[in-house]
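Asker: how would this look folded up:
(one chain, ligands or ions: 1)
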Amino acid sequence: MSSDAEIYDFAVGQTDPETFPVEAFKAAALRAIENEHDAFNKYPGSLGHAGLRRLMAERESVREGYPVSPEQLALTNGSMQAVTLVGQALRTGGDDYVITEEFTYSGTIAAYKGIGLKLVGIPMDEQGMRMDKLAQTLHEMSARGTLPRFIYTLTTYQNPTGTVMPIERKRELLSLAERFDVPVVEDNCYGDVHFEGEKVPSLFAMDENPRHIYIGSLSKILAPGVRLGYLYAREPMLGKIVSKRFDAGSNYFAAAVVAEYYKDGIWQHCEETNPSLKHKRDLLVAGLQAELDDICVWSNPVGGLFLWLRVPDDTDMAKLTRLANDRGFFFAAGAGFHVDYKAVPYIRLAFGHVPDELIVRGVPVLARAIREARTSNEPRSFSTLFE
Ligand SMILES: Cc1ncc(COP(=O)(O)O)c(C=O)c1O
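Answerer: A predicted model of the protein is given here:
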């Protein structure tokens, strides 16, 4: 690749840098320093900055129509810390199983495997985790005496597939969790990155089971560099989880600035960023339609930052990666999101931070690489994403 070649970076899930509110954030930082510098001299405690907790509790309460108390919400270093703390708190050190979607966030897979949890992937369809397969797996695990420590699920704008679990399926999930007495961990990182259609309620708003856990983030509506996320859980679960943190609390300075920034309302920024992200999704889908309709199938995400693309079975994935990368096109290969790192004919395209014109110019580069990485010119033999 020549050094002045264009880079089409669809690999990492990041927000759109063009919509970051630079001036408002500068002003918020100044106000935070003026108002809160005394508190910067203290450790923030295990729950963290009270003002930001109030705002995030309000964010959840307003979106879900269900009251969330700031006292049940702990700020973390990105939602990734919340994901990890939950795994640490719920593991026993023996044979600890965790059920997830068959395809799930690569960071979670790495973190959970890293602390010795064994992941059991449930097959998916266009509506997320399949409940017939979940029921079957829970029955089998129960019969073997190896019920999972928890079910970790991405029900909304799933990473990597973009699926949304409808409310009826969520009810089934909650009822299976109840029947087998297994806590559910809902990671709703992308909850406010919404483009169109009805919003489905979160699991915590549908079920008051005190063992269920909810995870949120500021990375996807504001910026990952602020490293702020949170977990919401009832006692004694909340105490059990935060007892696993040894970092003296999350970054109080970042929380103070973000709280100042959001003090006048948390939705305005989403109203500005989501249309720009939706436009990127539309450009990507239109490009794929024009270039790859005869051989591929893809998701049309109604929110989130990712599109999941199924490539022909005869695609040599290593060759595809090499050809695309040599031409400046980067994506995340599907295997990284499979709970067993299985080689699968999928790739994830993260479109949130790619400039519009690079989406338009990038898709033909990807399309050419896919065609060249195949061993045939056969038209596609599948019509859906998961069958
Ligand atoms: C599902 C999911 N959970 C958690 C994270 C971690 O995000 P952060 O730690 O930046 O909040 C990500 C990031 O991509 C994600 O996709």
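Asker: Give me the contact status of stretch 193-200 with the ligand.
Answerer: No: using Cβ under 6 Å from any ligand atom, stretch 193-200 never reaches the ligand; the gap is at least 10.6 Å. C-betas here are computed from N, CA, C, even on glycine.
Asker: Counting neighbours, which bits of that stretch end up buried?
Answerer: Buried positions in stretch 193-200, judged by neighbour count with 16 or more other Cβ atoms under 10 Å: 193-195, 200.
Asker: Show me which of these is closest to Lys280.
Answerer: Among the buried residues of stretch 193-200, Phe195 lies closest to Lys280 (Cβ to Cβ), at 10.1 Å.
Asker: Would you mind confirming that that closest one is in contact with Lys278?
Answerer: Yes: counting by Cβ atoms under 8 Å, Phe195 does reach Lys278; the two are 4.0 Å apart.
Asker: Could you report the neighbour count for the residue in the chain positioned nearest to the ligand?
Answerer: Residue nearest to the ligand within the chain (Cβ to the nearest ligand atom): Gly78, separated by 2.5 Å. Counted with other Cβ atoms under 10 Å, residues neighbouring Gly78 total 22.
Asker: now swap in Ile359 and tell me
Answerer: 22.
Asker: Is the closest residue to it other than its chain neighbours in a helix, a strand, or coil?
Answerer: Taking Cβ to Cβ, 6 or more residues apart in numbering, and ignoring the residues beside it in sequence, Ile359 has Leu283 as its nearest neighbour in space, at 4.5 Å. State at Leu283, reduced to three classes by DSSP: H, G, I helix; E, B strand; the rest coil: helix.
Asker: which residues touch Leu283?
Answerer: By Cβ atoms under 8 Å, 6 or more residues apart in numbering, the residues touching Leu283 are 351, 356, 359-360.
Asker: ok, 6 Å please
Answerer: Residues near Leu283 by Cβ atoms under 6 Å, 6 or more residues apart in numbering: 356, 359-360.
Asker: residue ranges for the strands of the stretch 51-200 of the chain, please.
Answerer: 73-77, 97-101, 118-122, 124-125, 128-129, 150-153, 184-187 (DSSP state E, counting those that start in this stretch).
Asker: nearest to Arg234, of these?
Answerer: Nearest of the strands of the stretch 51-200 of the chain (Cβ to Cβ): strand 73-77, 10.8 Å.
Asker: Show me what that closest one is packed up against.
Answerer: Strand 73-77 sits against strand 228-233, with contacts defined as 3 or more Cβ pairs under 6 Å, 6 or more residues apart in numbering; DSSP states H and E.
Asker: Tell me how far the strand it packs on lies from the chain's centre.
Answerer: The chain centre lies 14 Å from the centre of strand 228-233; the measure is Cα atoms, centre = their mean, to the nearest Å.
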